[in-house]
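Q: Next one to model:
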Amino acid sequence: MSIVHYFTKISGKISQNFPIYCILHRGTMTGLDTSWNTDNRVVHLKDVLRYLITKRRRVHHMPARSLYRLLGRRLSIQKRRMMRSDISIPIILVIDWETRRPTVVLDGNHRLAKAAVMKTDIPFRILYSDEYDMLFGI
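A: A predicted model of the protein is given here:
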């Protein structure tokens, strides 16, 4: 029995927010206040995480350097922030629905850069471009 299933029996509310609960209680609260302000609305990282969880998006892994090359652009990062990042937390990767190619790292640029420097795999969850458009009101 998975731990999420266990918490479902205790409280539906804990189960619904369990991955966010885990992130908050791992001591990595930085980043969860991330938000994007579009012309139509403000989208919070917590909302995107909830959406991915309700869609039961699993965590994939791939070599960070390969993903970096697929994105085809340099990441603008702060070295100090990169070194403090926790590469065990999955990044959120926006994938174009038609081409099935990554277009942007919605959350986790510093983690991707660190994993690429360390020559290791990076965990990620997929958010498709049409879902991105729906969430961000585009």
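
Q: bridging residues for the most centrally placed residue in the chain?
A: Nearest to the geometric centre of the chain sits Ile92, at 2.8 Å (C-alpha atoms, centre = their mean). Beta-bridge pairing for Ile92 (DSSP bridges): Asp107, Arg125.

Q: shouldn't it be in contact with Val104?
A: No. Taking contacts as C-beta atoms under 8 Å, Ile92 lies outside contact range of Val104: 9.5 Å. For the C-beta atoms, the positions are set from N, CA and C on the backbone; glycine is no exception.

Q: picking up where we left off before, pull up the gap between the residue nearest to the centre of the chain and Lys119, please.
A: 22 Å (C-beta to C-beta, to the nearest Å).

Q: Then Arg56?
A: Using C-beta to C-beta, Arg56 is found at 31 Å from Lys119.

Q: thinking Pro90 is in contact with Ile126, fair?
A: No. The pair Pro90 / Ile126 is not scored as a contact, 9.9 Å apart, by C-beta under 8 Å.
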